[in-house]
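A.B. asks: this is a predicted model, with the sequence first.
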Amino acid sequence: MITLQNIADKLGVSRTTVSNVLHGKTKRVSKETQDKISKMLEEEGYVPNMGSLIMTKNSSRLIGLTLGSQTFHHMHALQTPFISEFLSHLQLEAEKHGYYMMIISGENTNSIVDIASRWNIDGLILFSFNEERYKSLTQKLNKPMVLIDYYPEKGSTSFYNIGIEDYDGGFQIGNYLYKRGLTEALFIAETNKDSDYERWKGFKKAQEQGGKKCSQDRYIVLSSNIADVESFYKRNLERFLTVQALSFSSDFRAMEAMQILTQLGLNIPKDISITGFDDNLYCKFANPPLTTIHQDIKCKAILAFGQLMKIINNEPIENPNIYSPVKLIIRNSVK
């Protein structure tokens, strides 16, 4: 393996000069010498010692993806298509810039503080954090942080967030159903707050076109218990057949409903139309393929990493709260 001394000898410079260029200390090194050293480091495929880099730059090169909950859709968080896809894009983006990802359970604030401090993590990307838990974490840990899909109380300003246009997505799907004559559709979610509720508000607005009413009883929050979910669908079959459409705040719940309702003898979309939200990897393979709202998960991961890098490097940030657009994807689950 080639060493810094080997490179220094080949170029006729000191080992210290080569080391300074490698670690970004170039104030006293000419541009010409910097270029020669950089070129040879690349040509020789020199791999720096990470321990040396960490000590020199006081940086671990570690980014923590902190999951506020270990379970989503009654399964482990990393099993869900949305989180696994987001993590894969985030990891690729981090590696491009010489960083590494560490997954941290976010259910215990003290545990996050302990891990982030022990490993000297450079920054955190926080997924599924409410305002109370975020404030508690920031009071105990002074690290750069970027939130994903964060909905704080009005008036909160001290945060960086990467989200999507949830309201617009809800409106698009509600409008599509409205134009198909499905004006009594139910909206089915997992919570009565944050992104779910924002999607409901857009959906409600769209369904109220032409003077129609969309009452609050059309907003249904599902249980997290699978047995309760199955019971819910059995009890409400008659209502579903009457309203003719169910719009879900997530693709997972939509596909779950499609499976249960099919087992109960309903034909989708002949008997009832189903829509989702997110456009995860499996929507096109559902039976029938799922009509949904697409969000660019790769873009979200890149934006989150880029925003965190700006905070870490003390660069100016024009917009602390970024919302990406969404679009309707029409498939075959709506009649």
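C.D. replies: Sure thing, it's come through. Numbering: from 1, shown residues only.
A.B. asks: Phe129 touches Val146, doesn't it?
C.D. replies: No: Phe129 is not in contact with Val146 according to CB atoms under 8 Å; the separation is 10.8 Å. Every C-beta, even on glycine, is put in place using the N, C-alpha and C of the backbone.
A.B. asks: least confident secondary structure element in this protein?
C.D. replies: Lowest on mean pLDDT, DSSP states H and E among the helices and strands of the chain sits helix 50-57, with a mean of 52.
A.B. asks: wait, what's in contact with Gly123?
C.D. replies: Ile63, Gly64, Lys143, Pro144, Met145, Val146, Leu308, Ile311, Ile312 (CB atoms under 8 Å, 6 or more residues apart in numbering).
A.B. asks: roughly how far apart are the spatially closest residue to it that is not a sequence neighbour and Gly181?
C.D. replies: Spatially, and ignoring its direct neighbours in sequence, Gly123 is nearest to Pro144 (3.9 Å; CB to CB, 6 or more residues apart in numbering). Distance, Pro144 to Gly181, using CB to CB, to the nearest Å: 50 Å.
A.B. asks: those two: which is more packed in?
C.D. replies: Pro144 (19 against 10; other CB atoms under 10 Å).
A.B. asks: in the stretch 151-300 of the chain, which spans are helices?
C.D. replies: Taking DSSP state H, counting those that start in this stretch, the helices of the stretch 151-300 of the chain run over residues 166-179, 194-207, 226-235, 237-243, 251-263, 297-312.
A.B. asks: with just CA atoms, put the fifth one into PDB.
C.D. replies: The one in question is helix 251-263. The C-alpha coordinates for helix 251-263 follow below in PDB (Å, rounded to 0.1, in the frame of the first residue of the first chain):
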ATOM      1  CA  ASP A 251     -50.200   3.400   0.100                       C
ATOM      2  CA  PHE A 252     -49.700   0.700   2.700                       C
ATOM      3  CA  ARG A 253     -53.100   1.200   4.300                       C
ATOM      4  CA  ALA A 254     -54.700   1.400   0.800                       C
ATOM      5  CA  MET A 255     -53.200  -1.900  -0.300                       C
ATOM      6  CA  GLU A 256     -54.000  -3.500   3.100                       C
ATOM      7  CA  ALA A 257     -57.600  -2.500   2.500                       C
ATOM      8  CA  MET A 258     -57.600  -3.900  -1.000                       C
ATOM      9  CA  GLN A 259     -56.500  -7.300   0.200                       C
ATOM     10  CA  ILE A 260     -59.000  -7.400   3.000                       C
ATOM     11  CA  LEU A 261     -62.000  -6.200   1.000                       C
ATOM     12  CA  THR A 262     -61.100  -8.600  -1.900                       C
ATOM     13  CA  GLN A 263     -61.200 -11.400   0.600                       C
END
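A.B. asks: make residue 1 into 58 and carry on from there
C.D. replies: New numbering, starting at 58: the last item is helix 308-320.
A.B. asks: show me what counts as buried in that helix.
C.D. replies: Under the neighbour-count criterion of 16 or more other CB atoms under 10 Å, helix 308-320 has Asp308, Phe309, Arg310, Ala311, Met312, Glu313, Ala314, Met315, Ile317, Leu318 buried.
A.B. asks: nearest to Leu243, of these?
C.D. replies: Distance to Leu243, by CB to CB, is smallest for Ala314 among the buried residues of helix 308-320, at 10.6 Å.
A.B. asks: surely that closest one is in contact with Leu279?
C.D. replies: No: assessed by CB under 8 Å, Ala314 is found out of contact with Leu279, at 9.0 Å.
A.B. asks: now list whatever residues contact both of these two.
C.D. replies: Contacts common to Ala314 and Leu279, judged by CB under 8 Å, 6+ apart, are Ile245.
A.B. asks: for Val75, see how far away the residue sitting furthest away from the middle of the chain is.
C.D. replies: Residue distances from the centre of the chain (CA atoms, centre = their mean) peak at Gly69, which lies 49.3 Å from the mean C-alpha position. Distance, Gly69 to Val75, using CB to CB: 11 Å.
A.B. asks: before we move on, what about Thr123?
C.D. replies: Distance from Thr123 to Val75, by CB to CB: 38 Å.
A.B. asks: what's the span of stretch 324-344 from first residue to last?
C.D. replies: 10 Å (CA to CA, to the nearest Å).
A.B. asks: for stretch 321-337, same thing?
C.D. replies: Stretch 321-337: ends 25 Å apart by CA to CA.
A.B. asks: show me what the closest residue in space to Leu239 that isn't next to it in sequence bridges to in the sheet.
C.D. replies: Closest residue to Leu239 apart from its sequence neighbours, by CB to CB, 6+ apart: Ala302 at 4.0 Å. Applying DSSP bridges to Ala302 gives these bridge partners: Ser330.
A.B. asks: so who does Ala302 touch?
C.D. replies: Ala302 sits next to Leu234, Leu239, Glu241, Ala242, Leu243, Ile329, Ser330, Ile331, Thr332, Val391 when contact means CB under 8 Å, 6+ apart.
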